[in-house]
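> The sequence isn't on hand, but the structure is:
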């Protein structure tokens with residue numbers, strides 16, 4: 001397994017597949033450039049990139065604050081209850097604005113980065129080490145965790161896990177900062193094994209208790225929002241974990257977990273599901289797990305072998321993955337040569353499609369795969385495609401005078417009562433002028449751009465019939481309608 005792909009098998013379709021999975025898709029010129037470079041070269045470019053090679057300034061507000069002083073100032077407003085309430089509301093509003101800005105900041109980064117695999121892996125780790133601002137309630141801590149995931153995205157899994165154990169956002173989310181020598185908190189210890197390393201069935205309740213003791217003393221300094229270790233609250237006594245006895249600390253526990261065969265198997269399955277197939281075979285999981293152990297949990301060489309392998313380009317893997325909402329939004333915007341929607345619109349669109357950044361549904365993260373689509377989310381995708389193309393929130397055929405934000409499902413709060421219009425896309429950036437009067441060539445061209453593959457005959461005929469019904473009109477409106485029709489197909493939801 002993980003047999004290198006034969007050089008003569010590398011073609012345009014496989015180049016598109018690599019950019020779809022290891023990045024956020026590409027336009028035809030980018031795909032053709034990848035094909036010309038050859039598989040080893042383009043994989044090397046993707047895998048060897050680093051977060052430092054694609055600097056992206058942090059949001060201006062992403063600076064540590066003295067949370068203790070802020071909370072004390074709110075409490076000290078004892079005489080004026082109204083003023084205290086106003087200060088508290090202002091603080092919460094500021095946090096809400098920070099998270100909105102942080103979501104748009106990351107989307108911008110994914111859209112423009114020269115190191116797309118770093119961002120794709122950051123997204124993978126964001127779901128793996130799922131942490132929600134709904135409980136953390138601090139934009140700086142969420143940004144800091146995102147930065148940690150990015151810096152370690154293609155690095156060592158054990159090192160990243162240790163960093164996450166000291167991450168303030170994760171510590172708050174799983175109550176680790178409350179763990180004391182006398183009363184160890186087991187939330188982090190349980191999820192560390194169940195969801196982050198070895199999976200259910202590969203640990204005991206005793207392992208959870210002993211692990212929790214090893215992580216006692218982990219704290220957050222509220223004056224600078226950084227991790228600190230409270231040595232007096234740490235349990236130094238011997239602990240028996242996974243059959244090994246010693247005065248283990250948190251890092252020791254993680255090192256022991258990395259040596260469990262189940263750990264590489266657990267991570268291998270998640271990696272293959274994220275990049276290749278929803279239902280990986282036992283053989284491919286074993287092969288990826290063997291590479292993970294061979295490379296001592298270093299992600300770069302593992303990903304290099306995956307992306308160079310024949311199995312990654314199999315019929316079971318190609319064009320069979322449902323786009324995540326993040327993939328859908330970034331890739332659609334790129335293919336339409338458009339700009340990302342305004343921050344509030346993008347945030348609510350992500351909510352409606354089921355993947356709002358920095359707010360996974362639970363500590364398990366997003367299920368992905370078929371869970372991305374149902375009747376509601378699929379209809380929203382079709383309607384949102386119209387917004388991306390035409391700049392309004394109408395369903396096809398809606399009277400502009402009766403346009404309402406509800407047409408796109410924006411129903412949360414007065415800010416979304418009316419979706420702001422934006423300029424329609426510039427069709428000339430997507431469709432060559434000489435193809436407007438050539439329906440067959442036009443459909444073939446757009447099929448390559450939007451689907452990276454020929455479309456089934458029945459869909460091709462539907463696109464041609466749409467153009468025929470509007471002859472001789474080949475203006476921008478007709479072209480945008482064709483784009484919307486093509487993006488409102490099941491095939492466009494696949495990558």
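It's in. Everything numeric in this text was worked out from a predicted model, so none of it was measured.

> pLDDT below threshold where in the stretch 251-400 of the chain?
By pLDDT under 70, the weakly predicted segments of the stretch 251-400 of the chain are 393-400.

> Quick one: the helices in it, in order.
Using DSSP state H, counting those that start in this stretch, the helices found in the stretch 251-400 of the chain span residues 261-275, 282-294, 299-308, 325-335, 343-353, 375-390.

> now do the stretch 101-250 of the chain
116-128, 133-136, 139-151, 157-165, 168-173, 187-191, 205-214, 250-258.

> nearest to residue 313, of those helices?
For these, proximity to residue 313 was assessed by Cβ to Cβ; helix 116-128 is nearest, at 16.7 Å. Quick note: C-beta positions are derived from backbone N, CA and C, even for glycine.

> Determine the set of other helices and strands touching the closest one.
Counting contacts by 3 or more Cβ pairs under 8 Å, 6 or more residues apart in numbering; DSSP states H and E, helix 116-128 packs against helix 12-22, helix 39-48, helix 81-112, helix 139-151, helix 261-275, helix 299-308.

> still on that earlier bit, now tabulate the helices of the stretch 101-250 of the chain in CSV and tack on mean neighbour count and distance to residue 355.
Formatted as CSV, the helices of the stretch 101-250 of the chain follow (neighbours: other Cβ atoms under 10 Å; distance: least, Cβ to Cβ, whole Å):
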stretch, mean neighbour count, distance to residue 355
helix 116-128, 23, 9
helix 133-136, 18, 14
helix 139-151, 22, 15
helix 157-165, 21, 21
helix 168-173, 24, 18
helix 187-191, 22, 20
helix 205-214, 20, 30
helix 250-258, 21, 28
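
> between the ones you listed, which one is nearest to residue 454?
Closest approach to residue 454 among the helices of the stretch 101-250 of the chain is made by helix 116-128 (25.7 Å; Cβ to Cβ).

> contact partners of the closest one?
21-24, 46-47, 49-51, 54, 109-110, 113, 146, 149-150, 152-154, 160, 195-196, 270-271, 274, 299, 303, 326, 357-358, 360, 365-366, 368 (Cβ atoms under 8 Å, 6 or more residues apart in numbering).

> Next: stretch 442-453.
With contact meaning Cβ under 8 Å, 6+ apart, stretch 442-453 is reached by 12-13, 16-17, 20, 27-28, 31, 319, 335, 430-432, 435-436, 454-455, 460, 463-464, 467, 482-483, 486-487, 491-492.

> which residue sits closest to residue 109 in space, ignoring its chain neighbours?
residue 56 (4.8 Å; Cβ to Cβ, 6 or more residues apart in numbering).

> Would you check how far apart residue 448 and residue 16 are?
Plainly put, residue 448 is 9 Å away from residue 16 if you go by Cβ to Cβ, to the nearest Å.

> Of those two, which one has the most company?
Set residue 448 next to residue 16 and count neighbours by other Cβ atoms under 10 Å: residue 16 wins out with 25 against 17.

> so what pLDDT did the most centrally placed residue in the chain get?
The centre of the chain sits closest to residue 123, judged by Cα atoms, centre = their mean, with a distance of 3.3 Å. Confidence at residue 123, expressed as pLDDT, is 98.

> Residue 114 now?
On pLDDT, residue 114 comes in at 94.

> quick one, what contacts it?
Per Cβ under 8 Å, 6+ apart, neighbours of residue 114: 49, 53-54.
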